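[1] need a structure here:
(2 chains)
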Amino acid sequence: DTAVSQTPKYLVTQMGNDKSIKCEQNLGHDTMYWYKQDSKKFLKIMFSYNNKELIINETVPNRFSPKSPDKAHLNLHINSLELGDSAVYFCASSQGLAGGRYEQYFGPGTRLTVT
Amino acid sequence: AQSVTQLGSHVSVSEGALVLLRCNYSSSVPPYLFWYVQYPNQGLQLLLKYTSAATLVKGINGFEAEFKKSETSFHLTKPSAHMSDAAEYFCAVSGSGTASKLTFGTGTRLQVTL
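    Numbers count the residues shown, from 1 in each chain, chains lettered A, B, ... in the order given. Below is the predicted model of the structure:
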């Protein structure tokens, strides 16, 4: 049973297109996250949601819009894709919000390539 | 604000040798500290975490880390490297506030040679 799943695993698209990445967790967690890992493997948080409420919104272009229809899902929609958006995007979830003490469980990642 | 510095972007050890991956942190509040491992083309998996209990933390796959407040360090060790340990290792720090985020280091690639 996959704990945190993401679709698609690979996404190749052209500049200017709009795309979405879906994330689902079956761990019963109430906090979910999106991270971006660049070509140098640097990981940076983009967003976090707790019970469908936005908690963390890092300095991310407003072309990126997260949507949480329920506690188990956090999708990422990207408008007007740019070359610099090429990266691996990871979804994660954790048990609670009380600071960062809780382990985050990561999905397998979505490799986005913008041409 | 928190940050972590991982010394050495690439570490190479022989199979059976000691593994030492260095991590120093900066935090204005008592930190939570984590080590994650990333195998090729996979997501991150937690190796171990420090949450202000014992300063010596044991994790999975024979790894352990010691929290040293005086040195602001949280180095990861394993007595004997195995070929399967080859991966990217990330140190991360977080605070305790409700909106605290996990801040990752730049990662250390561990290579294990015969």
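[2] let me see the ranges of the strands in the chain.
    All of this is about chain A. Using DSSP state E, the strands of chain A run over residues A:4-7, A:10-13, A:19-25, A:31-37, A:43-50, A:53-57, A:64-70, A:73-78, A:87-94, A:105-106, A:110-114.
[3] to clarify, I was referring to chain B.
    Counting by DSSP E, the strands of chain B are B:3-7, B:10-14, B:19-26, B:32-38, B:44-50, B:56-58, B:64-68, B:73-78, B:87-94, B:103-104, B:108-113.
[4] turn the strands of chain A into TSV, including distance to chain B, mean pLDDT and mean neighbour count.
    (C-beta placed from N, C-alpha, C; glycine too.) Below are the strands of chain A laid out as TSV (distance: least, C-beta to the nearest C-beta, whole Å; pLDDT from 0 to 100; neighbours: other C-beta atoms under 10 Å in any protein chain shown):
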stretch	distance to chain B	mean pLDDT	mean neighbour count
strand A:4-7	7	96	18
strand A:10-13	10	97	14
strand A:19-25	11	97	20
strand A:31-37	8	94	24
strand A:43-50	4	91	21
strand A:53-57	5	86	14
strand A:64-70	15	93	15
strand A:73-78	15	96	20
strand A:87-94	6	95	24
strand A:105-106	4	93	22
strand A:110-114	8	97	18
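[5] which of the residues in stretch B:104-114 are buried?
    For stretch B:104-114, the neighbour count (16 or more other C-beta atoms under 10 Å in any protein chain shown) marks B:104-105, B:107-110, B:112 as buried.
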